[in-house]
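> heads up, no residue letters with this:
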């Protein structure tokens with residue numbers, strides 16, 4: 001495997017420089033005066049920070065726009081990020097496969113790979129990650145650009161600062177020092193984060209959350225997850241756990257959840273809960289979410305009622321987020337959106353009924369994402385770590 005000596009330090013050594021670069025990354029191209037306006041930094045500070053970023057090739061100056069007239073003493077040409085200046089790898093670990101992507105600095109996917117897992121043992125998974133990373137490093141050679149970081153996302157309780165998976169129920173992992181182990185086996189700087197938080201970073205920097213100070217990402221599928229951005233920062237919580245709306249109990253007499261409580265949103269609306277409820281209500285031995293969905297789309301009233309109840313639970317969970325945090329937007333995503341037509345109305349009705357006052361004006365929208373987007377979220381955390389590593 002390759003040595004971390006092949007990676008380089010990002011030339012934004014201050015919080016201001018990092019802020020300027022991320023602003024251009026998310027909103028560019030921007031002129032220096034536009035950057036100053038967005039960051040509330042002085043023109044001199046912007047000019048000082050932009051110069052080394054241009055010299056090192058991370059920012060490019062667009063000199064082709066004839067319509068822009070240069071102001072006296074300071075270029076009015078917009079600057080933009082050179083996405084091809086660096087590459088990153090993102091890996092999403094699920095219970096049965098690895099999804100990996102090679103992205104550029106703007107988090108655009110260049111190559112995607114899927115690999116099935118034969119075992120959930122951490123050592124076996126780590127070996128599979130290392131093999132997949134080696135494949136993507138070889139792909140990166142074809143672009144002639146170095147890979148500067150690896151991001152890995154895992155469901156469950158993940159301590160990003162420590163690089164450790166504290167508990168992942170789907171993988172049955174406890175206290176796995178994944179960042180340290182993956183760095184040793186791949187030779188890359190590694191960032192490990194919760195999968196929903198990673199997806200939220202991607203939405204904040206590159207997606208439907210760009211420009212928003214306060215928003216939430218709610219994922220529907222194998223679990224019910226929630227990533228939160230408050231005052232422009234992704235919230236991790238004091239112990240790495242925040243936004244767990246999947247474990248908001250909405251029905252004390254409801255089904256037992258794997259967390260030990262009853263009536264959690266996840267115990268009603270997660271894929272496994274829906275499959276179990278459809279089997280019980282209809283008597284049809286469906287084995288997975290696809291079969292349950294097919295039954296409901298075929299018009300089975302019992303199956304459709306299960307999805308309607310799931311939608312109500314999700315809507316009430318989203319309302320809890322809106323009532324507590326007052327986000328500008330809630331983005332609903334995840335593989336469970338394949339059933340969105342079956343519970344969209346119930347999500348909206350339950351949200352409207354349970355949201356208090358002006359919280360009901362929150363912009364609730366759906367953003368279907370292919371599975372590669374989860375891996376792209378992991379890559380986004382690697383990009384974030386690369387840009388901000390020396391600025392804390």
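Cool, got the structure. These numbers come from a predicted model, not from an experiment.
> For the rest of this, base every contact and every neighbour count on C-alpha atoms.
Noted.
> Could I get the buried residue list for stretch 7-27?
7, 10-13, 16-27 (16 or more other C-alpha atoms under 10 Å).
> For it, give the mean pLDDT please.
Stretch 7-27 shows a mean pLDDT of 89.
> now what about that stretch, what contacts it?
Contacts to stretch 7-27, defined as C-alpha atoms under 8 Å, 6 or more residues apart in numbering, come from residues 30, 35, 38-39, 41, 45-46, 49-50, 52-53, 56, 79-81, 106, 146-149, 188, 205-206, 210-211, 386-388, 390-392.
> same thing with stretch 37-56?
11-12, 16-17, 19-20, 23, 32-33, 35-36, 59-61.
> That stretch: which residues count as buried?
Neighbour-count burial for stretch 37-56 flags 38, 43, 46, 47, 49, 50, 53, 54 (criterion: 16+ other C-alpha under 10 Å).
> Among the residues you listed, name the ones in helices.
Among the buried residues of stretch 37-56, the members falling in helices (DSSP state H) are 38, 43, 46, 47, 49, 50, 53, 54.
> Residue 38 and residue 144: what is the separation?
34 Å (C-alpha to C-alpha, to the nearest Å).
> doesn't residue 234 make contact with residue 227?
Yes: the criterion here is C-alpha atoms under 8 Å, and residue 227 meets it with residue 234 at 7.4 Å.
> Between these two, which is the more surrounded one?
Neighbours were counted for residue 227 and for residue 234 using other C-alpha atoms under 10 Å; residue 227 has more, 26 against 20.
> Next secondary structure element downstream of the helix or strand where the more buried one lies?
If you go by DSSP states H and E, residue 227 is part of strand 224-230. Reading on from strand 224-230 to the C-terminus, the next helix or strand found by DSSP H and E is strand 233-234.
> Residue 216 belongs to a strand, doesn't it?
Yes: counting by DSSP: H, G, I helix; E, B strand; the rest coil, residue 216 is located in a strand.
> Hmm, it is touching residue 326, no?
No: the criterion here is C-alpha under 8 Å, and residue 216 misses it with residue 326 at 9.7 Å.
> more crowded one of the two?
residue 216 (29 against 22).
> Now do that one, the pLDDT please.
The predicted local confidence for residue 216 is 94.
> I'd like the distance between it and residue 79.
30 Å.
> go on, residue 354?
From residue 354 to residue 79 the distance is 45 Å (C-alpha to C-alpha).
> These two: which is more packed in?
With other C-alpha under 10 Å as the criterion, residue 354 and residue 79 differ in neighbour count, and residue 79 comes out ahead with 22 against 18.
> So what pairs up with the more buried one in the strands?
For residue 79, the beta-bridge partners are residue 30, residue 61 (DSSP bridges).
> show me the contacts for it.
24, 28, 29, 30, 31, 32, 59, 60, 61, 62.
> closest to residue 184 among these?
residue 59 (31.3 Å; C-alpha to C-alpha).
> Thought residue 81 was touching that closest one, still the case?
Yes: counting by C-alpha under 8 Å, residue 59 touches residue 81, with 4.5 Å between them.
> More neighbours: which of these two?
A direct count of neighbours by other C-alpha under 10 Å for residue 59 and residue 81 places residue 81 higher, at 25 against 22.
> Now do the helices in the stretch 151-300 of the chain.
Here the stretch 151-300 of the chain has its helices, by DSSP state H, counting those that start in this stretch, at 178-186, 195-206, 265-269, 271-282, 289-297.
> quick one, what contacts residue 246?
Here residue 246 is in contact with 223, 224, 225, 226, 264, 265, 266, 267, 317 (C-alpha under 8 Å, 6+ apart).
> If the second one is in a bridge, with which residues?
Right, the one you point to is residue 224. Under the criterion used (DSSP bridges), residue 224 bridges to residue 220.
> Report how many residues lie close to it.
Neighbour tally, residue 224, other C-alpha under 10 Å: 25.
> contacting residues for it?
Residue 224 touches 218, 245, 246, 265, 266, 269, 270, counting by C-alpha under 8 Å, 6+ apart.
> Of those residues, just say which sits nearest to residue 197.
Among the contacts of residue 224, and counting by C-alpha to C-alpha, the member closest to residue 197 is residue 218, at 10.1 Å.
> Once you drop chain neighbours, what's closest to that closest one?
residue 226 (4.4 Å; C-alpha to C-alpha, 6 or more residues apart in numbering).
> I figured the one you found was touching residue 196, is that so?
Yes: contact status for residue 226 versus residue 196: in contact at 6.4 Å, counting by C-alpha under 8 Å.
> what sits in contact with each of the two?
217, 219.
> burial count for residue 243?
21.
> Same question for the one 10 residues further on.
By other C-alpha under 10 Å, 10 other residues sit near residue 253.
> do the same with the one 5 residues further on
Residue 258: 12 surrounding residues under other C-alpha under 10 Å.
> any idea how far it lies from residue 384?
33 Å.
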